[in-house]
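Asker: sequence and predicted structure, then a few things I'm wondering about:
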Amino acid sequence: MRRIPDSLLFAASPILSGGLAFLTVPLLTWTMRPEDVAKFGLFQYSSSVLLIIVTLGLDQAFLRAINGASSHSALLRKCLTPVVVMLTLLGLAAGMVLETQFAANMFESNAGWIIPILWINVIFLTVHRFGSQEIRMDPQGGFSYLMAELLMRTPLLVMLSILIAQQKPAQLYWLFLASLVGAALSAAVLVVRNRTTWTGMCHKISIEDENTTTQLLQFGAPLVVAGLMYWGIGNTGVYLTQWVHGPTEAARLVVATSIANMATIGQAMFSLLWLPKVYRSIDTGLRSEDIELAAHRTCVGAVVVYAAVVIALHGVQHLLGAQYRNIAPQAAALCVLPVLFCISEVTMIGLMIKRRAMMALGATAVGLATSLFANILLTIPFGGLGACMASTLAAFAFLVARTEFATLVWQPIRRRSVYFGAALIAVVGFTAPLVSSTLGPVTLLLLLPYLWFEKKIVIQLLINLHKFSVAK
């Protein structure tokens, strides 16, 4: 029997994992009250931001250094030592906020049982993060990576399916426990797959890694700040909506965000395949002409994907509960950020080549500042619709800042066509909540002429996709 190539398994992982996550969205809307949907969404968002904080950017430093490391165990131990300290401090902090008004407002009147689960969930997610980073650089790790990603999503999907079959309402703490089980199973798969590296930390290491903890922190610290800022770009509107307009309005935004994760599947797959390739190519040299071509093709591909996603959203919204119908315009606006992020991953390559972490941080700060300003102007008066519109403005500002900063420190690249395609996507996303009844025609009217103008690249992308599928 012919073995499935690991490259295909890596590429399929975000698609299948995102598919399972997407299937849980209608189940949530059928079984949960809107206020519980909002609280569960806030639990997931809080887990993601705490993960960024406790890892201190060392997960990215681990990925960057592992390719040339003489001892993976030594490198992992140096990365995990500060992380364990942060997890301990987080645990102490969790005990201090159990009965605070913040916890009560974000989750429920008695949040004492939620905060410990949140802390344990972050521990498992931390193990998963470092384990997945090592596997990403392993050409033979595709199957383990795929299993870990699927197990992360399966428990919640299974639990909701059983509840629907038995026609029982879901309790809020069941959702949290299912997420916790998924994180634990996923982390266990990665630790077992990389057991030599993980068990090696417990023994005396004869070959020390060349990188010091200080060097790793110097590389990772700006990234954790950038990660928090990027998290703020995408999630400020959710928290502001919950605070100003209440859980019912926030629930619609949470569901729209979950539906918009259709686009983050492409973002995850793109980053999964693109970043390791870049890290391997930096030492051999990259030309500005290569980046221009990659950026142009990525932009055209992004327009194709975005147009397809927006059209698909019209059918997807009918799978949701009655109170979430007509949510496609909000989801279309929220899809802009992950789509433009993929383009910026190519155009900002100069910052990675020159290792200008502070410049990358500054670009993210521009996006966050735009997000905060736009959310104040739009979310407070208009609720979830305003938050979605603010997200599109922040996404475009983020792309432009990353691209311009990269050209300042590396080599200038021709980017007019990239900005034009990205601006079209942003315009469709910004106007989506305003033209909800005619979103499909407006999308086609704006994007089809661009795709016709770039038809040669579109045809070439389709041919390459066909060749890839046939070869596999």
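Answerer: Arrived safely.
Asker: low-confidence ranges in the stretch 351-472 of the chain?
Answerer: Within the stretch 351-472 of the chain, the segments meeting pLDDT under 70 span 355, 436-446, 453, 455-458, 460-472.
Asker: ignore what I typed, I meant the stretch 51-200 of the chain.
Answerer: Filtered on pLDDT under 70, the stretch 51-200 of the chain yields the residue ranges 66-70, 94-113, 138-139, 141, 169-170.
Asker: how about 80 then?
Answerer: In the predicted model, the stretch 51-200 of the chain carries pLDDT under 80 at residues 57-80, 90-116, 133-144, 163, 165-173, 194-200.
Asker: quick one: the helices in it?
Answerer: 58-66, 72-96, 101-106, 114-136, 142-166, 172-193, 195-200 (DSSP state H, counting those that start in this stretch).
Asker: who wins for proximity to residue 347 among these?
Answerer: Nearest to residue 347, of all these, is helix 58-66, at 19.1 Å by C-beta to C-beta. Backbone N, C-alpha and C define where each C-beta goes, glycine included.
Asker: quick one: list the elements packing against that closest one.
Answerer: helix 72-96, helix 114-136, helix 213-245, helix 247-281 (3 or more C-beta pairs under 8 Å, 6 or more residues apart in numbering; DSSP states H and E).
Asker: tell me what angle that helix forms with helix 213-245.
Answerer: 140 degrees (axes from the mean of the first three to the mean of the last three C-alpha atoms, to 10 degrees).
Asker: which residues touch helix 58-66?
Answerer: 72, 75-76, 79-80, 82-83, 129-130, 133-134, 136-137, 209, 211, 216-217, 219-220, 223, 275, 279 (C-beta atoms under 8 Å, 6 or more residues apart in numbering).
Asker: ok, stretch 220-233 next?
Answerer: Counting by C-beta under 8 Å, 6+ apart, 45, 48-49, 52-53, 55-61, 337, 357-358, 360-361, 364-365, 367-368, 370-372, 391, 394-395, 398 sit against stretch 220-233.
Asker: of the helices and strands packed on helix 58-66, give the one that comes closest to residue 18.
Answerer: helix 247-281 (3.6 Å).
Asker: now the helices and strands packed on helix 58-66 in a markdown table, with mean neighbour count and distance to residue 293?
Answerer: Formatted as a markdown table, the helices and strands packed on helix 58-66 follow (neighbours: other C-beta atoms under 10 Å; distance: least, C-beta to C-beta, whole Å):
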| stretch | mean neighbour count | distance to residue 293 |
| --- | --- | --- |
| helix 72-96 | 17 | 34 |
| helix 114-136 | 21 | 25 |
| helix 213-245 | 20 | 26 |
| helix 247-281 | 21 | 14 |
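Asker: circling back: which of the contacts of stretch 220-233 count as buried?
Answerer: 45, 52-53, 55-61, 337, 357, 360-361, 364-365, 367-368, 370-372, 391, 394-395, 398 (16 or more other C-beta atoms under 10 Å).
Asker: which helix or which strand is home to residue 300?
Answerer: Taking DSSP states H and E as the criterion, residue 300 maps to helix 288-316.
Asker: give the buried residues for that helix.
Answerer: So for helix 288-316, counting by 16+ other C-beta under 10 Å, buried means 291-292, 294-307, 309-310, 313, 316.
Asker: tell me what that helix is packed against?
Answerer: Looks like helix 288-316 contacts helix 247-281, helix 328-334, helix 336-347, helix 416-431, helix 439-453, helix 455-471 (3+ C-beta pairs under 8 Å, 6+ apart).
Asker: related to what we said a few turns ago, could I get the helices and strands packed on helix 58-66 as TSV with distance to residue 410?
Answerer: Shown next, in TSV, are the helices and strands packed on helix 58-66 (distance: least, C-beta to C-beta, whole Å):
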stretch	distance to residue 410
helix 72-96	28
helix 114-136	25
helix 213-245	17
helix 247-281	13
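Asker: for residue 343, find the nearest of these.
Answerer: helix 247-281 (9.5 Å).
Asker: quote the end-to-end distance of stretch 64-72.
Answerer: This stretch, stretch 64-72, spans 12 Å end to end (C-alpha to C-alpha, to the nearest Å).
Asker: actually stretch 349-363, not the one I typed
Answerer: End to end - C-alpha to C-alpha - stretch 349-363 spans 13 Å.
Asker: let's number from 32 now, not from 1
Answerer: Shifting the count to begin at 32 puts that one at stretch 380-394.
Asker: centre of the chain to it, how far?
Answerer: Centre-to-centre, stretch 380-394 and its host chain are 20 Å apart (C-alpha atoms, centre = their mean, to the nearest Å).
Asker: what does stretch 454-469 give?
Answerer: On C-alpha atoms, centre = their mean, the centre of stretch 454-469 falls 22 Å from the chain's centre.
Asker: export it to PDB, keeping only CA atoms.
Answerer: In PDB, the C-alpha atoms belonging to stretch 454-469 read as follows (Å, rounded to 0.1, in the frame of the first residue of the first chain):
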ATOM      1  CA  ALA A 454      -7.700  46.900  -0.800                       C
ATOM      2  CA  LEU A 455     -10.400  45.200  -2.800                       C
ATOM      3  CA  ILE A 456     -10.700  42.500  -0.200                       C
ATOM      4  CA  ALA A 457     -10.800  45.100   2.600                       C
ATOM      5  CA  VAL A 458     -13.500  47.100   0.800                       C
ATOM      6  CA  VAL A 459     -15.700  44.000   0.400                       C
ATOM      7  CA  GLY A 460     -15.200  43.200   4.000                       C
ATOM      8  CA  PHE A 461     -15.900  46.700   5.300                       C
ATOM      9  CA  THR A 462     -19.100  47.100   3.200                       C
ATOM     10  CA  ALA A 463     -20.400  43.600   3.900                       C
ATOM     11  CA  PRO A 464     -22.400  44.500   7.000                       C
ATOM     12  CA  LEU A 465     -23.900  47.500   5.100                       C
ATOM     13  CA  VAL A 466     -25.000  45.600   2.000                       C
ATOM     14  CA  SER A 467     -26.000  42.300   3.600                       C
ATOM     15  CA  SER A 468     -28.800  41.600   1.300                       C
ATOM     16  CA  THR A 469     -26.600  42.000  -1.800                       C
END
